[in-house]
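Undergrad: can't give you the sequence, but here's the structure:
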DNA sequence: GAACATATGGCACTGAGTACCCTCTGTAAA
DNA sequence: TTTACAGAGGGTACTCAGTGCCATATGTTC
């Protein structure tokens, strides 16, 4: 997509945010419809100096969030935000491509983490890998419980933010599906299975996330996600126990129902043999 | 959500579209962020006269779509649309709450159909019911193949339309999940399973839909969806085939030595299953 | 010191969407 | 018949998000 070539998101080592910093010479047509999450490129380190100057992106995000909580998202204008932050209006759009982006400043990094995680997953059991990857997202939320809970309440009430969040979730889903697709490349209906499993993982994760958010961020986030993902793991990996319990020279006896789809049988065989091998 | 109380969508018996017709006295604050699909209320019949006057909504939708194809979505303004349709600018927003809505004029009705279908499903097998419900969506697309294919190409290129479509898809998913939730009310993890299965069904459907759209709308849409949904049906309904295709409940017992090469095992499994199936 | 990149501010502009007010027409009640 | 009212449509001015362009610092490098 053209957007990705126009939008540089680099990580600020001071504020920890992945900063939206368009090169002025590169910006041509950066028009981005509302509700669309920007698709950032690979990360680069910020080449900032060692003086901890005021991190404008953080200041803007905090001003924006405070105002959204105070008077609501829609009744807060960008002018209000920059007035509170004490900067020029134009600067806001240098750091956030849209008003919605100021509410979700950390998904870009999380998505990059997920991509890196899956790249490093090697030939691990694919469904297990994407389930593990889903934990990264929950951990991002759990790292800032109060913020996450407040944002959840805000998002529930503002249709524009819900829509924006959908596009964010979709990016995670696509990332998981892309990984599964390469792992199941050549398998019958590999792409189909990849998308179905990715959607199931995301749905399970989001169910656990919402439950956790509704407890006010006080329950055990990781346990909630793992419980939810167990549904997916059991169904799509044949309900195997995770680690090698068998040893010795036994043979594998696999029982499958007659109507079971071939790919599922193959998957079970594969995972059983993989377990045996190490 | 407040929107649903402000947006009346009634079906026009002339043009067949579900028309967006706000009561002037009811409209208070109808502000709807871009990219958000309107959540319509239950349908009502239009009380239009029997004179087949020019159905403005259809005229607008056709003008809009033609212009979107000609010069692109973003380079078409609402002023362009109403100029081509020969009506006032204000009228556009009486029929479509946003520019995006003019591209998806038929989802409201389809969603209502799906809701009605599930209400009538009674105590049918729940996963089967939602799979059948998914067919309704595909049939809506298949009813106008050229339009669907053109819109698909348009949607792929316009981020704003993709985001809008996400919110539409989400409404289907929520409808399916709500049905499953009531059916599995009280069951352990009923809500979780409902959301996971709904997401899987939607993902499978969309995979088939995209495949069909990429063939130019010429392949067998229903068969494609059914093939994709088979993945979900088999996994989530205990592997039962939908109708009386299988008889007997035999199982296959496969025994393999631990050191056997994977390809050989797969080969044997495949041939065994193929033999059994016919 | 010249050339250049980066950060920020300012201003004018486009275009979606809204509020408010107007007219016209058909229908039902007085 | 007249009156009242609701619905359909038009028009105008407004708000606000987002963009393009330009100006101005402040380094940084050659």
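TA: Cool, got the structure. Keep in mind that this is a model prediction, so the values were computed, not measured.
Undergrad: Can you give the domain ranges for chain A?
TA: Under the assignment automatic domain parsing, the domains of chain A span A:2-103, A:107-246.
Undergrad: Out of those, flag the one nearest DNA strand C.
TA: Closest approach to DNA strand C among the domains of chain A (C-beta to the nearest atom of the strand): domain A:2-103, 3.0 Å. Bear in mind the C-beta positions are built from the backbone N, C-alpha and C, glycine included.
Undergrad: So which residues of the stretch 51-200 of chain A form helices?
TA: For the stretch 51-200 of chain A, applying DSSP state H, counting those that start in this stretch gives helices covering A:56-71, A:78-85, A:89-95, A:107-119, A:126-143, A:145-157, A:159-183, A:190-214.
Undergrad: Give me the below-cutoff pLDDT ranges for chain A.
TA: Applying pLDDT under 70 to chain A flags the ranges A:1-54, A:238-278.
Undergrad: just the helices of the stretch 51-200 of chain A: most buried one?
TA: For those, average neighbour numbers computed from mean count of other C-beta atoms under 10 Å in any protein chain shown are highest in helix A:190-214, which has a mean of 24.
Undergrad: Stretch A:168-184 and chain B in contact?
TA: Yes - Stretch A:168-184 comes into contact with chain B (C-beta under 8 Å from any C-beta of the partner chain), by way of residue A:170.
Undergrad: likewise stretch A:205-223?
TA: Yes - part of stretch A:205-223 sits near chain B under the criterion C-beta under 8 Å from any C-beta, namely A:206-208.
Undergrad: returning to that earlier point: nearest to residue B:142 among the helices of the stretch 51-200 of chain A would be which one?
TA: In this view, the helices of the stretch 51-200 of chain A are compared for proximity to residue B:142 by C-beta to C-beta, and helix A:190-214 is the closest at 18.7 Å.
Undergrad: now for the helix or strand just after that closest one, which elements pack on it?
TA: Following the chain from helix A:190-214 toward its C-terminal end, the next helix or strand by DSSP states H and E is helix A:221-236. Here helix A:221-236 is seen to pack against helix A:126-143, helix A:190-214, helix B:190-214, helix B:221-236 when contacts are counted using 3 or more C-beta pairs under 8 Å, 6 or more residues apart in numbering or on different chains; DSSP states H and E.
Undergrad: and DNA strand D, which of the ones you listed is closest to it?
TA: Relative to DNA strand D, the nearest member of those by C-beta to the nearest atom of the strand is helix A:126-143, separated by 23.3 Å.
Undergrad: Could you figure out how far that closest one is turned away from helix A:107-119?
TA: Helix A:126-143 and helix A:107-119 are oriented at 150 degrees to each other (axes from the mean of the first three to the mean of the last three C-alpha atoms, to 10 degrees).
Undergrad: ok, and what's touching helix A:126-143?
TA: Identification of contacts with helix A:126-143 by C-beta atoms under 8 Å, 6 or more residues apart in numbering or on different chains yields A:106-107, A:109-110, A:113-114, A:117-118, A:121, A:148, A:172, A:175-176, A:179-180, A:183-184, A:197-198, A:201-202, A:204-205, A:208-209, A:212-213, A:217, A:221-222, A:224-226, A:229, A:232-233, A:236-237, A:242.
Undergrad: how does it look with 7 Å?
TA: Helix A:126-143 has contacts (C-beta atoms under 7 Å, 6 or more residues apart in numbering or on different chains) with A:106, A:110, A:113-114, A:117-118, A:121, A:148, A:172, A:176, A:179-180, A:183-184, A:197-198, A:201, A:205, A:208-209, A:221-222, A:225, A:229, A:232-233, A:236-237.
Undergrad: if we can go back for a sec, let me have the domains of chain A in TSV, adding distance to residue B:144 as columns.
TA: What follows is the domains of chain A, written out as TSV (distance: least, C-beta to C-beta, whole Å):
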stretch	distance to residue B:144
domain A:2-103	25
domain A:107-246	25
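Undergrad: quick one on the thing from earlier: any chance of the helices of the stretch 51-200 of chain A in JSON lines, plus distance to DNA strand D?
TA: Output for the helices of the stretch 51-200 of chain A, formatted as JSON lines (distance: least, C-beta to the nearest atom of the strand, whole Å):
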{"stretch": "helix A:56-71", "distance to DNA strand D": "10"}
{"stretch": "helix A:78-85", "distance to DNA strand D": "4"}
{"stretch": "helix A:89-95", "distance to DNA strand D": "4"}
{"stretch": "helix A:107-119", "distance to DNA strand D": "16"}
{"stretch": "helix A:126-143", "distance to DNA strand D": "23"}
{"stretch": "helix A:145-157", "distance to DNA strand D": "15"}
{"stretch": "helix A:159-183", "distance to DNA strand D": "9"}
{"stretch": "helix A:190-214", "distance to DNA strand D": "24"}
